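Q: predicted coordinates and the sequence they were generated for:
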Amino acid sequence: MIRKLSLFLSGLYDFTVSAEYSLSVVNILKEYPHTAKNVRMNGNGEYVFSVAALHKHTICDALDEAEVSYSISPLKGVPKYLLWLLCRPGILIGIVMMIALSYYSSQVIWGFDVVGNSTVSDDEILLLLDELGCGYGDYIPSLDLDLIHATFLARSEDIAWIAVNLKGNFARVEVMETEKAKDDGHEDGVYANITASEDGQIYLVKTVSGVSVAKAGTVVKKGELLISGVIDVREDRVRYEYAEGEVLAYVPRTIEVKIPFDYAEKAYTGEEKTEKSIKIFKKSINLSSKGGIEYTVYDKIIDDRQICLFGVFPLPVWITDTTYREYEYSSEKHSRAQIVSRAMTALRESLDDVLLDAELISNKVSYEITDDAFVIKYDMLCLADISKVSEFTVENYTP
């Protein structure tokens, strides 16, 4: 087995000789006992034996001298493939680059797993680590993890402890977040009143701290005091607090939507261009032909996705598709149905924004057609929290 392997590594030729020359072949092989291997007969009764590439000329000269007719197979074994590669330098360079890349990739970080964080996002943690030289594609042997840990903690106010544990090409980042001080969050000497953020009629006052000034049923104006942070203790003394609470009131609100008869409408032309790029570790490569975007106005849509092996194991490779979609504005007369539909859509969008912090109690809708537009006026009565914190500072005050 070892001899066959050695012969394959060094290269070999198969000699085929007719049976009529058997005696001459036996004498030659006796004369050169260590040159021929695996002597055998094929199905045609011919002698076949293998000779190392190094001894090919010796055996050829001996057979020629004995006037033996023979045939030789093409070169076999490892040298055959080496010669094939040498004749194809592109493939040889590709193999060398693949080997070099395999070695390099085994020495760099491929991926991260962040655990222990709840308020600080993975992206924030990984961004700071990347700035400190511990990111995708960074060379593992060059990492000084103790220095990275210390510098990270010095620059982050939200992380109290961090450990980067490397396992192969992947880094497991374990963190502990800082505990925020459990106080009221107010600076010393700063207090507050609650005032009205808009006009309304008081429905309910919920006081957490401070003293209520407004009462249910009272009509108040914007900026009027609702909950006071200044509390009378005696005739000659007051106590200051940071007033907190909720004041619900009935408030009037109005939405007005105006749609011109010849409004400009955005429409895609159907022309678009997509550029592809690939990012391996930190190196981005543009896969599309160079050239600018010839569109005057366009939407830019970016689709960035990370490649996962078998859909499970993330690789440090990202494919990005950037699509430029051309559009134009057309200004023309529209039908009554189109204008009304657009106005109702705009009204619904505005209504969603207005009612984010309020409950609709009643409403009244009116329509108006002017010389150049269609107008919807939407009057409503809402129940909303109109409390607004108004801070003030008191110096030299001791509670």
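A: Yep, that arrived.

Q: contacting residues for the nearest residue to Tyr397 once chain neighbours are set aside?
A: Nearest residue to Tyr397, sequence neighbours excluded (CB to CB, 6 or more residues apart in numbering): Tyr240, at 6.0 Å. (Each C-beta comes from the backbone N, C-alpha and C, glycine too.) Tyr240 makes contacts with Tyr191, Gly229, Val230, Ile231, Val394, Tyr397, Pro399, as judged by CB atoms under 8 Å, 6 or more residues apart in numbering.

Q: mind checking pLDDT for Tyr240?
A: Looking at Tyr240, its pLDDT stands at 89.

Q: gap between it and Ile72?
A: To Ile72, Tyr240 is 108 Å away according to CB to CB, to the nearest Å.

Q: same question for Gly229.
A: Taking CB to CB as the measure, Gly229 and Ile72 are separated by 106 Å.

Q: higher neighbour count, those two?
A: Per other CB atoms under 10 Å, whichever of Gly229 and Ile72 has more neighbours is Gly229, with 24 against 14.

Q: how far away is that one from Val164?
A: With CB to CB as the criterion, Gly229 and Val164 are 48 Å apart.

Q: check Ala267 too.
A: According to CB to CB, Ala267 and Val164 sit 51 Å apart.

Q: same thing with Leu355?
A: Applying CB to CB to Leu355 and Val164 gives a distance of 47 Å.

Q: who's more crowded, those two?
A: Val164 (19 against 14).

Q: now that one, which residues is it bridged with?
A: For Val164, the beta-bridge partners under DSSP bridges are Val173.

Q: in this structure it contacts Leu128, no?
A: No - in this structure Val164 lies outside contact range of Leu128 using CB atoms under 8 Å: 11.7 Å.

Q: what is in contact with those two at once?
A: With the criterion set as CB under 8 Å, 6+ apart, the contacts of Val164 and Leu128 do not overlap.

Q: just confirm Lys364 is within a strand.
A: Yes - per DSSP: H, G, I helix; E, B strand; the rest coil, Lys364 lies within a strand segment.

Q: what's the separation between the nearest residue to Gly135 once chain neighbours are set aside and Lys56?
A: The shortest distance from Gly135 to any residue other than its chain neighbours is 6.0 Å, reached at Leu129 (CB to CB, 6+ apart). In this view, Leu129 and Lys56 are 61 Å apart by CB to CB.

Q: neighbour-wise, which of those two wins?
A: Leu129 (23 against 17).

Q: so which elements touch the host helix or strand of that one?
A: Counting by DSSP states H and E, the element that carries Leu129 is helix 122-131. Judged by 3 or more CB pairs under 8 Å, 6 or more residues apart in numbering; DSSP states H and E, the packing partners of helix 122-131 are strand 111-115, helix 145-155, strand 159-167, strand 170-177.

Q: right, so those: which one is the most enclosed?
A: strand 170-177 (a mean of 17; mean count of other CB atoms under 10 Å).

Q: helices or strands up against the helix or strand following that one?
A: Remark: after strand 170-177, the chain's next helix or strand is strand 190-196, criterion DSSP H and E. Using 3+ CB pairs under 8 Å, 6+ apart, the elements in contact with strand 190-196 are strand 225-228, strand 244-260, strand 387-393.

Q: for the residue lying closest to Ile159 once chain neighbours are set aside, what are its contacts?
A: Leaving aside its sequence neighbours, Ile159 sits nearest to Val175 (CB to CB, 6+ apart; 5.3 Å). By CB under 8 Å, 6+ apart, the contact set of Val175 is Val114, Val115, Gly116, Asn117, Val120, Ile125, Ile159, Trp161, Ile162, Ala163.

Q: what mean pLDDT does stretch 286-301 have?
A: On average, stretch 286-301 scores 83.

Q: export it as PDB, just CAs?
A: What follows is stretch 286-301, C-alpha atoms only, in PDB (Å, rounded to 0.1, in the frame of the first residue of the first chain):
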ATOM      1  CA  ASN A 286     -19.900  46.800  -6.000                       C
ATOM      2  CA  LEU A 287     -21.200  44.100  -8.300                       C
ATOM      3  CA  SER A 288     -22.900  46.400 -10.700                       C
ATOM      4  CA  SER A 289     -21.400  48.500 -13.600                       C
ATOM      5  CA  LYS A 290     -20.300  51.900 -12.600                       C
ATOM      6  CA  GLY A 291     -22.500  54.900 -13.700                       C
ATOM      7  CA  GLY A 292     -24.600  57.500 -12.200                       C
ATOM      8  CA  ILE A 293     -28.400  57.600 -11.800                       C
ATOM      9  CA  GLU A 294     -29.900  59.400 -14.700                       C
ATOM     10  CA  TYR A 295     -33.300  60.000 -13.000                       C
ATOM     11  CA  THR A 296     -34.100  63.500 -11.800                       C
ATOM     12  CA  VAL A 297     -36.400  62.500  -9.000                       C
ATOM     13  CA  TYR A 298     -36.600  58.900  -7.600                       C
ATOM     14  CA  ASP A 299     -37.200  56.800  -4.600                       C
ATOM     15  CA  LYS A 300     -34.200  54.900  -3.100                       C
ATOM     16  CA  ILE A 301     -35.100  51.500  -1.700                       C
END
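
Q: how far does it sit from the chain's center?
A: Remark: stretch 286-301 is offset 22 Å from the chain centroid, using CA atoms, centre = their mean, to the nearest Å.

Q: show me which positions of it end up buried.
A: For stretch 286-301, the neighbour count (16 or more other CB atoms under 10 Å) marks Tyr295, Tyr298 as buried.

Q: what's the pLDDT at Leu101?
A: 58.

Q: give me the domain ranges for the protein.
A: 2-79, 111-177, 190-247, 270-328 (automatic domain parsing).

Q: tell me which of the ones you listed sits nearest to Val365.
A: domain 190-247 (21.3 Å; CB to CB).

Q: what's the end-to-end length of the closest one?
A: 22 Å (CA to CA, to the nearest Å).

Q: give me the distance from that domain to the chain's centre.
A: Using CA atoms, centre = their mean, the distance from the centre of domain 190-247 to the centre of the chain it belongs to is 48 Å.

Q: begin at 19 from here
A: In the new count, where the first residue is 19, that last one comes out as domain 208-265.
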